[in-house]
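*Asks:* Starting from these lines, generate the structure:
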Amino acid sequence: MLKKDNMPEAIHFELRRIRLVLAIMLGFLALLGGMLFDLQVRRSHEFEESLHRQSMRRIRLPAPRGMILDRHNIRLADNQPCYCLAFYLEEIRKPGKWKHTVAEVQQRIEALAPLIGRKPAITEDEIWTHIRRRLPLPLVAWRSLDQAALARLAEASVDMSGVDIYVEPNRAYPRNELAAHLLGYVGKADFTDDEMAGYQYYLPEMEGKMGLERKYNSLMSGEAGGRLIRIDASGYKHAEQMDKEPRAGANLVLALDSRIQELAEAAIRDVPGAVVVLDPGNGDVLALASSPTFNPNQFVPIVPKVLWDEFNRDPARPMLNKAVAEVYAPGSIFKPITALAALNSGLVSPGMSVNCPGYYMIGTKPMKCWNPNGHGHVDLRRGIEQSCNVYFATLGVKCGNDAISDMSVQFGLGSKTGLDIDREAPGLVPTAVWKKKTWHDDWRVGDTCNFSIGQGALSVTPLQMAVVAATLANGGTVYHPRLVLGMQDWKGNVLTNYPIVQVRQVSVPAAAMRAVREGMYDVVMAQTGTGGRARIPGVEMAGKTGTAEYGEKEDRKKHGWMILFAPYNKPRYAVAMVVDDAVSGGLTVGPRLRGLMMGIFGASDVEKEAGG
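*Replies:* Numbers count the residues shown, from 1 in each chain. Here you go, the predicted structure:
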């Protein structure tokens, strides 16, 4: 036998190499073991947390939307359950490719359609989109199921596994068209990146698109909540838990009186126009109506394209809030402002007499009075009662256009009132500077005459003229129209009260204001007054009628106006009404205002006023 020392050198080399390889292998095994220990023992909690994060998804949950209430807590906008038929795909899932699951869903939809009685609100493409983007959430095939459909489903013998009734909140307007232009409507919410930060999915949510729903959307929407769901690699839901409870939105409490609003809308339901009723003691908006109108329930949850196109093609523009967004020439309802401007100038007194032969000469051109036979000699009181153009043109020329402009601005004309509503128009109070800039022409005497009788470039909104009526009613205080009284939480606890805002006091002598009010009293209460058709038994009222032409020369039409306040001595209501395509303010608007005021006061109030 060979001794170790006698082994060939080659064998020694091979042994050394084997030992080296074994040592390297053992080293790698030791390193691998250390790494496995690090991963599986020392750092296991890190990977568990990572796995937890990867398998948990967060769903944004909408908060209950706040209601809109009138001043008596009558609900004008509310939430109601919307019953939907939904498919839960994790329970319907078929083995193999996704197309098998899609086919199963379609087959079940076809089987259920006769029970529902309506075509499904979902297509094959939408099913695929749901699988790719919203798999853990219920797939809604029908919305707004009525009680009959729900009953048929309950009695059906078809396979309902993986199918259930899913309830979504839906906005509802229980009074239908009532105050639609003020309330507006809601639609599907469009989330910003910031709003979706931290959420992977969301449930349908409402968002204000018009009116108060849009203006106060953030307050009524509340604060969204969140729900955590655990999903597997295929996206199927296995478990869920609440992460954050939604916080309900605030209720909006309006100054609106539903009863008066209903009366106001009834007064102009059959004609295009607008009416506004204010409380002259604080500026509260008791009613604000525009005709024609719309039913906001038709816009929920989305506006049908056919309906939207129909509204946009309608020449009567039912979506336009004429009370705040449309401007008109005021005509003779502007004359009390001209009278106050003239009296305030000191150049005119209430007893000053002007002879009206039926026209006023502007150079060699006559400006006609509405009465071609003339009114004879008239003073301020009779000039207002008879709405004599010659009298007011004379006043306008005496005091000048600047005085009339300044008085108009004091009453709030030419600027927005600041009402909490969309698209309020400022109107226009023309001045010499405005005419020079706009028309590159000088102001002329004819401009002053037109201005003094509420014609020419002067334009106002019905809301602005209601503010004028309220200011005349209370003796000269201009109030900010208050549409929202405050906010409540969902339990009815007051969160915020919105204060009464006094904008300014009109700078006129008390005697001048009294003289103008007396003339307006005669407009309604005197037998020869132009507003006598608005008179109601037992209630003393004051007002002013007006008529303003508009349209092309070959197709001239008239806007009929009337402003009014009542009762005369202690006014509680100030009203402005305009009707398109009228005969005149006295003939067309007067009887409509009579019906409105009869409804507002009611039989008991009329008797009370008559007795007191």
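*Asks:* can you list the weak-confidence ranges in the stretch 151-300 of the chain?
*Replies:* Counting by pLDDT under 70, the ranges of the stretch 151-300 of the chain that qualify are 157, 159, 189-204, 226-244.
*Asks:* Revised request: answer the last question for the chain.
*Replies:* Along the chain, segments meeting pLDDT under 70 span 1-8, 10, 12, 38-60, 157, 159, 189-204, 226-244, 603-612.
*Asks:* Pick out the residue nearest the middle of it.
*Replies:* G211 (0.6 Å; Cα atoms, centre = their mean).
*Asks:* That one and E424: what is the separation?
*Replies:* 12 Å (Cβ to Cβ, to the nearest Å). C-beta here means a position set from N, CA and C on the backbone, and glycine is covered the same way.
*Asks:* now swap in T431 and tell me
*Replies:* T431 sits 21 Å away from E424, going by Cβ to Cβ.
*Asks:* Could you list the domains of the chain?
*Replies:* 57-254, 324-611 (automatic domain parsing).
*Asks:* Could you give the separation of the last one from the chain centroid?
*Replies:* What that stands for is domain 324-611. Domain 324-611 sits 27 Å away from the centroid of its parent chain (Cα atoms, centre = their mean, to the nearest Å).
*Asks:* just the helices in the stretch 101-250 of the chain please.
*Replies:* With DSSP state H, counting those that start in this stretch as the criterion, the stretch 101-250 of the chain has helices at 124-133, 147-155, 180-183, 193-196, 211-215, 217-221.
*Asks:* Figure out which of the domains of the chain is closest to F299.
*Replies:* Judged by Cβ to Cβ, the one of the domains of the chain that comes nearest to F299 is domain 57-254, at 4.1 Å.
*Asks:* Tell me which of the helices of the stretch 101-250 of the chain is the most buried.
*Replies:* helix 180-183 (a mean of 27; mean count of other Cβ atoms under 10 Å).
*Asks:* Can you list the neighbours in contact with it?
*Replies:* Helix 180-183 is contacted from outside by 68, 76-77, 173, 211-213, 254, 256, 288-290, 293-296, 321, 323, 421, 483, using Cβ atoms under 8 Å, 6 or more residues apart in numbering.
*Asks:* Would you mind checking these for buried ones?
*Replies:* 68, 76-77, 173, 211-213, 254, 256, 288-290, 293-294, 296, 321, 323, 421, 483 (16 or more other Cβ atoms under 10 Å).
*Asks:* from those, which ones fall inside strands?
*Replies:* Applying DSSP state E to the buried ones among the contacts of helix 180-183, the entries found in strands are 68, 76-77, 254, 288-290.
*Asks:* In CSV: these, plus distance to E385.
*Replies:* As requested, those are exported to CSV (distance: Cβ to Cβ, whole Å):
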residue, distance to E385
I68, 42
L76, 40
A77, 44
L254, 36
L288, 29
A289, 28
S290, 30
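*Asks:* From those, pick the one nearest K188.
*Replies:* Taking Cβ to Cβ as the measure, K188 lies nearest A77 of these, at 16.7 Å.
*Asks:* What sits closest to that closest one if chain neighbours are left out?
*Replies:* I68 (3.8 Å; Cβ to Cβ, 6 or more residues apart in numbering).
*Asks:* contacting residues for that neighbour?
*Replies:* 75-77, 183, 212-213, 220, 251-252, 254.
*Asks:* Show me what it is bridged to.
*Replies:* Beta-bridge partners for I68, by DSSP bridges, are A77, L252.
*Asks:* Would you confirm that P336 contacts T545?
*Replies:* No: contact criterion Cβ atoms under 8 Å: P336 and T545 do not qualify, at 11.6 Å.
*Asks:* Which of these two has more residues huddled nearby?
*Replies:* Legend: neighbour count by other Cβ atoms under 10 Å for P336 and T545, higher for T545 (30 against 27).
*Asks:* Counting neighbours, which bits of the strand or helix carrying the more buried one end up buried?
*Replies:* Assigned by DSSP states H and E, T545 belongs to strand 542-550. Buried residues in strand 542-550, defined by neighbour count with 16+ other Cβ under 10 Å: 542-548.
*Asks:* cool, stretch 587-600 as well?
*Replies:* 588-590, 592-594, 596-600.
*Asks:* From these, which land in strands?
*Replies:* Using DSSP E, no member of those sits in strands.
*Asks:* CSV for those, including distance to A111?
*Replies:* CSV is the format used below for the buried residues of stretch 587-600 (distance: Cβ to Cβ, whole Å):
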residue, distance to A111
T588, 60
V589, 60
G590, 64
R592, 56
L593, 60
R594, 61
L596, 56
M597, 60
M598, 59
G599, 54
I600, 57
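*Asks:* Which one of those is nearest to R247?
*Replies:* For these, the minimum distance to R247 (Cβ to Cβ) is 39.5 Å, reached by I600.
*Asks:* Contact partners for the closest one?
*Replies:* Counted by Cβ under 8 Å, 6+ apart, I600 has contacts 260, 263, 277, 573.
*Asks:* Could you rank those residues by neighbour count and give me the top one?
*Replies:* Most surrounded of the contacts of I600: other Cβ under 10 Å gives V277, at 28 neighbours.
*Asks:* ok so that one is a helix residue?
*Replies:* No: counting by DSSP: H, G, I helix; E, B strand; the rest coil, V277 is not part of a helix but strand.
*Asks:* Any figure for the gap between it and P462?
*Replies:* 11 Å.
*Asks:* and what of W142?
*Replies:* For W142 relative to P462 (Cβ to Cβ), the value is 43 Å.
*Asks:* These two: which has the busier surroundings?
*Replies:* The residue with more neighbours, out of W142 and P462, is P462; 28 against 23, by other Cβ under 10 Å.
*Asks:* Span of stretch 113-130 from start to end?
*Replies:* Start and end residues of stretch 113-130 are separated by 20 Å (Cα to Cα, to the nearest Å).
*Asks:* List of residues touching it?
*Replies:* So stretch 113-130 is contacted by 85, 89, 98, 102, 105-106, 109, 137, 139-143, 145, 148-149, 152-153, 156, 158 (Cβ under 8 Å, 6+ apart).
*Asks:* List only those of these flagged as buried.
*Replies:* Among the contacts of stretch 113-130, the ones that count as buried by 16+ other Cβ under 10 Å are 85, 89, 98, 102, 105-106, 109, 137, 139-143, 145, 149, 153.
*Asks:* from the residues you listed, which single one is nearest N389?
*Replies:* R143 (59.7 Å).
*Asks:* Quick check: closest non-adjacent residue to that closest one.
*Replies:* In this structure, R143 finds its nearest non-sequential neighbour in C84, 4.8 Å apart by Cβ to Cβ, 6+ apart.
*Asks:* could you give the angle of the helix or strand harbouring the one you found to helix 147-155?
*Replies:* Taking DSSP H and E as the criterion, C84 maps to strand 75-87. If you take axes from the mean of the first three to the mean of the last three Cα atoms, to 10 degrees, strand 75-87 sits at 30 degrees to helix 147-155.
*Asks:* Dump strand 75-87 to PDB, keeping only the CA atoms.
*Replies:* Provided in PDB are the C-alpha atoms of strand 75-87 (Å, rounded to 0.1, in the frame of the first residue of the first chain):
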ATOM      1  CA  ARG A  75     -88.400  69.700   2.700                       C
ATOM      2  CA  LEU A  76     -87.700  71.000  -0.700                       C
ATOM      3  CA  ALA A  77     -84.700  68.700  -1.500                       C
ATOM      4  CA  ASP A  78     -84.300  65.400   0.300                       C
ATOM      5  CA  ASN A  79     -82.700  61.900  -0.100                       C
ATOM      6  CA  GLN A  80     -84.600  58.700  -0.700                       C
ATOM      7  CA  PRO A  81     -83.500  55.100  -1.200                       C
ATOM      8  CA  CYS A  82     -83.000  54.100  -4.800                       C
ATOM      9  CA  TYR A  83     -83.500  50.300  -5.100                       C
ATOM     10  CA  CYS A  84     -81.000  48.700  -7.600                       C
ATOM     11  CA  LEU A  85     -80.500  45.100  -8.800                       C
ATOM     12  CA  ALA A  86     -76.800  44.300  -8.400                       C
ATOM     13  CA  PHE A  87     -74.600  41.300  -9.300                       C
END
